[in-house]
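Asker: 3D model of this:
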Amino acid sequence: MKYDVIVIGAGLAGLVATAELAEAGKRVLLLDQEPESSMGGQAWWSFGGLFLVDSPEQRRMGIKDSKELAWQDWLGTARYDREHDEDYWGKKWAEAYIDFAAGEKREWLHQMGIRFFPVVGWAERGGYLAEGHGNSVPRFHIVWGTGPGIVKPFEKKVREAILAQLVDYRPRHRVNELINNNGTVVGARGDILVSSSAARGEESSREKIGEFEFHAEALLIASGGIGGNFELIRKNWPTRLGEPPKKMISGVPAHVDGRMLAITEQAGGRIVNRDRMWHYTEGIKNWNPIWPNHGIRILPGPSSIWLDAKGNRFPTPIFPGFDTLGTLEAIQKSGYDYSWFILTEKIIEKEFALSGSEQNPDLTEKSIKQVLSRILPGPTAPVKAFMEKGEDFVIAKTLPELVAGMNRLSGENLLHVTHIEKQLSARDREIDNKFTKDLQITAIHGARNYIGDKLVRVAKPHKILDSKNGPLIAVRLNIVSRKTLGGLQTDLAGRVLGKDGTPIQGLYAAGEVAGFGGGGIHGYRSLEGTFVGACLFTGRQAGRALVKVLKS
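Answerer: Alright, predicted model coming up:
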């Protein structure tokens, strides 16, 4: 088969671009180093949250949102400071994405059969001034079916195109080199890897059994980021976040290795914003791991007390769910790679969710009955499993027992019960009134003014040391790797730019490898729901741009 485009990477961005190309009758070679079981990439594992602006779901919940407010929040979060160079195209992608999220995004997805959970989530709440970081309103729309529900319609289109012989899908093909002919990228070379029966997400063999070389009019890189490559994370770690963690757990499979970044750079592509990345601070080790060093992120409500490794409460606004990178900076500057939540059973049963499609079987399997069970007393079954089997949980009836268990778990004996009790007692005294000087408690009261939080996300304020609210629970929180915010610089057509700022002929990129657009659509921070969404958007943009070019 003669190919119009080679797409490297069968994750969400690659599938979206391939679907767009095939729908226009273009012939696509889709390459991926992983077995077919991993089609859909990281998006399949996601919780399925998408950033939408002024949606019907928001309006039904009484949320007043607008494109202007969303752009205000995006700018306050991104804090672009390289606008004439590395941030130039990232900011342009951000403007286009806000238009998309406030415009045709929902209808486009709706036509694909994607539906949303009716309660809109409130991620990255910020806690600063109006022009600072964070979402002013809830915008986190959970897809009914989570990550698999997002992947499914695009995978279906690609599989139909395979049957129609418009797409030639070749898993276990690892690209080592892009072929550049006088400034134009015309093909790719690499290794054929041994067939693998590894299940989705499991580490697969790198045994080589052959080589390949393919040519096409254009290539699209959609290979993901560096989240599974700790060496590369530490190499690019920004000093503003302190020292890189000595210990991390991995929020992504091992194949998220960043190989194609360096390979594309060797072909002339420019990587920008290498020092920008997104790692979560509420990671727990998976008691039932799928990939090496497998970590799961807690999606917390705002009520847990957050302590550093020495038992000191973090300052305002380092509260659960408010500022991911602000918290990461505070943890790393504490001199330790971990921190603690202290909470009650009343808090965990309402406020703890776990990120990942496999940790939310009710939403993933589209079971209304299972979803309704969330309002019953007690934690969800996945959370309960971690409480019983996870190594990062301590449960006790009294605070001395809890602190002793925390010290045993860390092995460092840094925590003193009198110090922790003093802080918790002071916090509990602030619960006696509906008004308070404790800004975390103010934030809890504020959150419960939103009906979605009051119903399913935020526990009624109560005293942590009151035994009737127990037992007490402590959770050791690890740094869990996740997203690459920098990457290949691209223009709004998805064309990869060279060091001189001009497009490299025949070379395109989409998704995380392109910093989710332009080499850094998010700037320094994310508003959440914008990672999977930007893979959808950049894949669509690049695919449609290629269709226009290939017509001529």
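Asker: what's near enough to touch residue 321?
Answerer: The contact partners of residue 321, taken as Cβ atoms under 8 Å, 6 or more residues apart in numbering, are 122-125, 299-302. Backbone N, C-alpha and C define where each C-beta goes, glycine included.
Asker: Just flag the most distant two among the residues you listed.
Answerer: In the contacts of residue 321, the most distant members under the criterion Cβ to Cβ are 124 and 301, with 13.5 Å between them.
Asker: For stretch 77-95, give me every contacting residue.
Answerer: The set of residues that contact stretch 77-95 without belonging to it, under Cβ under 8 Å, 6+ apart, is 71, 74, 124, 126, 133-134, 272-273, 486, 489-492, 497, 515-527, 534, 538.
Asker: Now intersect the residues you listed with the helices, please.
Answerer: 71, 74, 534, 538 (DSSP state H).
Asker: Could you dump those into CSV and include pLDDT, distance to residue 414 and neighbour count?
Answerer: As requested, these are exported to CSV (pLDDT from 0 to 100; distance: Cβ to Cβ, whole Å; neighbours: other Cβ atoms under 10 Å):
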residue, pLDDT, distance to residue 414, neighbour count
71, 98, 43, 16
74, 98, 39, 25
534, 98, 40, 28
538, 98, 44, 33
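Asker: List just the nearest of these to residue 440.
Answerer: If you rank these by distance to residue 440 using Cβ to Cβ, residue 74 comes first, at 25.4 Å.
Asker: out of the contacts of residue 321, which are inside strands?
Answerer: Here DSSP state E is the test, and the contacts of residue 321 give 299-300 as lying in strands.
Asker: Mind checking which of the contacts of residue 321 are buried?
Answerer: Neighbour-count burial within the contacts of residue 321 applies to 122-125, 299-302; the criterion is 16 or more other Cβ atoms under 10 Å.
Asker: quick check, distance from stretch 467-478 to the centre of its chain.
Answerer: Mean C-alpha position of stretch 467-478 versus that of the full chain (Cα atoms, centre = their mean, to the nearest Å) differs by 26 Å.
Asker: buried ones in that stretch?
Answerer: When neighbours are counted by 16+ other Cβ under 10 Å, the buried residues of stretch 467-478 are found to be 469-470, 472-478.
Asker: Out of those residues, which sit inside strands?
Answerer: Within the buried residues of stretch 467-478, residues falling in strands by DSSP E are 472-478.
Asker: hang on, residue 425 packs against residue 465?
Answerer: Yes - contact criterion Cβ atoms under 8 Å: residue 425 and residue 465 qualify, at 6.4 Å.
Asker: More neighbours: the two, which one.
Answerer: When neighbours are counted by other Cβ atoms under 10 Å, residue 425 and residue 465 differ, and residue 465 comes out ahead with 16 against 13.
Asker: so who does that one touch?
Answerer: Contacts of residue 465 by Cβ under 8 Å, 6+ apart are 399, 421, 424-425, 428.
Asker: how about 6 Å then?
Answerer: With Cβ atoms under 6 Å, 6 or more residues apart in numbering as the criterion, the residues that contact residue 465 are 424, 428.
Asker: Which helix or strand contains it?
Answerer: Assigned by DSSP states H and E, residue 465 falls within no helix or strand.
Asker: Kindly check the end-to-end length of stretch 462-477 for me.
Answerer: 23 Å (Cα to Cα, to the nearest Å).
Asker: Pull the distance from that stretch to the chain's centre.
Answerer: For stretch 462-477, the gap between its own C-alpha mean and the chain's C-alpha mean amounts to 29 Å (Cα atoms, centre = their mean).
Asker: now the strands for the stretch 151-300 of the chain?
Answerer: Using DSSP state E, counting those that start in this stretch, the strands found in the stretch 151-300 of the chain span residues 167-171, 173-181, 184-193, 208-221, 249-250, 271-272, 277-285, 295-300.
Asker: Dump those to CSV, plus distance to residue 227 and mean pLDDT.
Answerer: Listed next are these as CSV, based on distance: least, Cβ to Cβ, whole Å; pLDDT from 0 to 100:
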stretch, distance to residue 227, mean pLDDT
strand 167-171, 21, 98
strand 173-181, 18, 97
strand 184-193, 21, 98
strand 208-221, 17, 98
strand 249-250, 7, 98
strand 271-272, 16, 98
strand 277-285, 8, 97
strand 295-300, 10, 96
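Asker: Can you give me the distance of residue 179 to residue 221?
Answerer: 14 Å (Cβ to Cβ, to the nearest Å).
Asker: and what of residue 104?
Answerer: 25 Å.
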